[in-house]
Structures are given as C-alpha cells and as structure tokens.
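Peer 1: dropping a prediction and its sequence here:
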Amino acid sequence: MAEELNVTSMLIEGFDARKLAQEEVYDRDWQQVVGAKQNDKILQSEIVGIESIRNTECAVVHVGKIKGYIPLEFTGVENLRGNFGH
C-alpha cells in the first residue's frame, strides 16, 4: 500500500498542466492537417521562407505549430525566391 502511494505522489508531483495544454494544441493542428488530407481539401498558409530539402527548393509554411515544406514547383508562384529578396 505504501508503495502504491509513492507512485501516485510521484505522478502528481511531476504533472504539468501547461505541457498538457501544449499537446492539445499540437494535436488540434495535426487533426486539421490529417482531416484536410483525408477529405482532399487544400489548406492555406503563408509562406514564411525557403529551404533546400534533399536538393529541392521548398517553401516553408506553418499550420499552427506544424512546419511543412512545399516544393516550389507546386506553389503556383513563379520566381518565388525573388519575392524573398534572394
């Protein structure tokens, strides 16, 4: 019985409600992305940068706290790099 109480007190002692709230937001972001994929919907997001991934230039976007990459050829924008001053 004493052993059981120690485990309970350790679980409560290590609990951080802020981490739980952060995980809920992160899960909500993923639900939005997965839901769009499952329903063949297009998500819109602002392009925040350009990075090279496996020798392919990609636009960087954020959906909530999720970072995504879109190959420039699929952005529909010509000379996207020029718009970022490079």
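Peer 2: The structure has been received and is ready for your questions. Numbering: from 1, shown residues only.

Peer 1: buried ones in the lengthiest helix in the chain?
Peer 2: Across the chain, the longest stretch assigned as helix under DSSP state H is helix 17-38. Neighbour-count burial for helix 17-38 flags no residue at all (criterion: 16 or more other CB atoms under 10 Å). Heads up, the C-betas are built off the backbone N, CA and C, glycines and all.

Peer 1: ditto for stretch 56-75
Peer 2: 58-61, 69, 72.

Peer 1: and for stretch 36-54?
Peer 2: 47, 50.

Peer 1: measure that stretch end to end?
Peer 2: Counting by CA to CA, to the nearest Å, you get 25 Å between the two ends of stretch 36-54.

Peer 1: same question for stretch 40-54.
Peer 2: Where stretch 40-54 begins and where it ends lie 26 Å apart, using CA to CA.

Peer 1: which other residues reach that stretch?
Peer 2: For stretch 40-54, contacts defined as CB atoms under 8 Å, 6 or more residues apart in numbering pick out 32-33, 35-36, 57-63, 68-70, 72, 75, 80-81, 84, 86.

Peer 1: okay, residue 74: pLDDT?
Peer 2: Residue 74 carries a pLDDT value of 88.

Peer 1: contacts only, for it.
Peer 2: So residue 74 contacts nothing (CB under 8 Å, 6+ apart).

Peer 1: switch to numbering from 305
Peer 2: Okay, residue one is now 305; in that scheme the one you just asked about reads as residue 378.

Peer 1: where do the strands sit along this structure?
Peer 2: 351-357, 360-367, 370-375 (DSSP state E).

Peer 1: those: which one's closest to residue 330?
Peer 2: Comparing those by their distance to residue 330 (CB to CB), the top pick is strand 370-375, with 7.7 Å.

Peer 1: the closest one packs against which elements?
Peer 2: Applying 3 or more CB pairs under 8 Å, 6 or more residues apart in numbering; DSSP states H and E, we find strand 370-375 packed against helix 321-342, strand 351-357, strand 360-367.
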